[in-house]
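1. sequence and predicted structure are below.
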Amino acid sequence: MIYKPFGATGLNLSILGFGGMRFEDQNNVEACADLVKACYDAGINYFDTAIGYGKSEEVMGVAFKEMAATRIQRPFYVASKTFASTEDEVRRDCETSLKRLQVDAIDFYHMWCLLEPEHFTERQTKGALRGFEKLKEEGLIRNICVSSHMNGNQIGEILKAYPFESVLLGYSAMNFAFRDAALDSAHRLNRAVVVMNPLGGGLIPQHPERFGFVRSRPEETVVDGALRFLFNDPRINVALVGIANRKQLNEALAAVNGFRPLSPEQVARIRGSVREAFNEMCTGCAYCDECPQGLPVPKLMDAYNQYMLSGKPISIIHRLNWHWGIVREGNHLDRCTECGACEKACTQKLPIIRRLNEIRAEVQRWSQSEGAKADTEEGDPE
Ligand code: SF4
Ligand code: SF4
């Protein structure tokens, strides 16, 4: 395992982190806890979960109870999250998580899933940060952190506005352009960066032909290449992999064990290949993000990417709902006047208006379908 200093915390964390939202069968508590312990034995010391990940916290608590016996010699660190807005709600969520996790303190407690700058202002106004600070004074949490799906510049502003110790954000060989500015800001401010979805939510291993450009050596798999691209980045501290079983653990460990630093030329080649490999796809560069009607064009085009890769129209809805959280906030799509400004700005020259119309049709179909409610309940909250 490789360890890196984690921002200004004085801690050394493993570059591979355990993401606790993808257990194969959360009801099989013993098997899931064994997987967590196997990760710990392999040298992983960053364990991420959340109050909203089903039974994940309970499962991890079973493992942590056993791991406590060796915690002094082999430290491990627990990360969890809350959506709560008020001081009381933050405390209530934290106490619930502590009980489930069977630990005295949460090492990295996150203000979870800021989707827009206004979400930060709102939670700050309602008292969430005061709640986090009191919990820290009482020793129930050790570091105040944030997780966000905003673009890189917006996240940079949040990091300037509050001294979060670390930031958790989605970053991979698929979407790095969208968030690069956040990594730059965090690095400048000496805040730690944990990246989630390093394999593009599974799309990278599912499409090795399209993502073959991430491989730097002939013997590498796309998983090796995609993870090593992140391990190599000095701005990234931990790459969080949602490990569901031993096979995935072994694949992620192989990527760490065979890691060799990439040359600047290799990094430049991977970054430069994205445009070509994505061909008809959005690269997340965000040059179109100035819609006069306020449509979040890069997020909508990212959702369309998921459709292009999966071939399933419903993947648009899943992405908008569970990654970007925008379907339920009103139908932004109706506001498009087809002015064409986004298409003019698009570096890929994508037919954005046509795609927006397709997305609108899919959103309408989904909203009217009997399955909408069931889909909401079964979704995959990132
Ligand atoms: S065409 Fe629609 S989405 Fe694009 S900039 Fe104009 S109003 Fe916004
Ligand atoms: S400018 Fe084009 S490629 Fe860039 S984010 Fe917008 S739609 Fe995607």
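-> Perfect, thanks for sending it. Numbers count the residues shown, from 1 in each chain. Ligands and ions are numbered 1, 2, ... in the order given.

2. mind checking how far Leu300 is from ligand 1?
-> Separation of Leu300 from ligand 1 (C-beta to the nearest ligand atom, to the nearest Å) stands at 8 Å. All C-beta atoms are positioned from the backbone trio N, CA, C, and that covers glycine.

3. what strand or helix carries that residue?
-> In this structure, Leu300 sits in helix 297-310 according to DSSP states H and E.

4. which other helices and strands does that helix contact?
-> With contacts taken as 3 or more C-beta pairs under 8 Å, 6 or more residues apart in numbering; DSSP states H and E, helix 297-310 sits against helix 203-206, helix 314-318, helix 352-368.

5. how about that helix and ligand 2, any contact?
-> Yes: using C-beta under 6 Å from any ligand atom, helix 297-310 reaches ligand 2 at 297-298, 301.

6. now do the contacts for the residue in the stretch 51-200 of the chain positioned nearest to ligand 1.
-> Closest residue of the stretch 51-200 of the chain to ligand 1, C-beta to the nearest ligand atom: Asn151 (15.9 Å). Residues counted as contacts of Asn151 (C-beta atoms under 8 Å, 6 or more residues apart in numbering) are 178-179, 181-182, 286, 289, 298.

7. would CSV of the helices and strands packed on helix 297-310 with mean pLDDT, mean neighbour count and distance to ligand 2 be doable?
-> Output for the helices and strands packed on helix 297-310, formatted as CSV (pLDDT from 0 to 100; neighbours: other C-beta atoms under 10 Å; distance: least, C-beta to the nearest ligand atom, whole Å):
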stretch, mean pLDDT, mean neighbour count, distance to ligand 2
helix 203-206, 82, 18, 16
helix 314-318, 90, 22, 15
helix 352-368, 90, 16, 6
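
8. Ile106 is nearest to which of those?
-> Of all the helices and strands packed on helix 297-310, helix 314-318 sits nearest to Ile106, with 28.7 Å by C-beta to C-beta.

9. how far does that closest one sit from its chain's centre?
-> 17 Å (C-alpha atoms, centre = their mean, to the nearest Å).

10. can you pull out the low-pLDDT segments for the chain?
-> Along the chain, the parts satisfying pLDDT under 70 run over 275-279, 327-331, 370-382.

11. which residues of it lie near ligand 1?
-> Checking the chain against ligand 1 by C-beta under 6 Å from any ligand atom, the hits are 291-293, 295, 297, 336-342, 352-353.

12. dump those residues into TSV; add secondary structure and distance to Ile326 as well.
-> Compiled in TSV, these are given as follows (DSSP: H, G, I helix; E, B strand; the rest coil; distance: C-beta to C-beta, whole Å):
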residue	secondary structure	distance to Ile326
Cys291	coil	13
Pro292	coil	18
Gln293	coil	14
Leu295	coil	10
Val297	helix	12
Cys336	coil	14
Thr337	coil	19
Glu338	coil	20
Cys339	coil	20
Gly340	coil	22
Ala341	helix	20
Cys342	helix	16
Ile352	helix	16
Ile353	helix	18
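
13. sorry, back to before: so which of the contacts of Asn151 comes closest to Arg92?
-> Ala182 (29.7 Å).

14. tell me how many other residues crowd the closest one.
-> 26 (other C-beta atoms under 10 Å).
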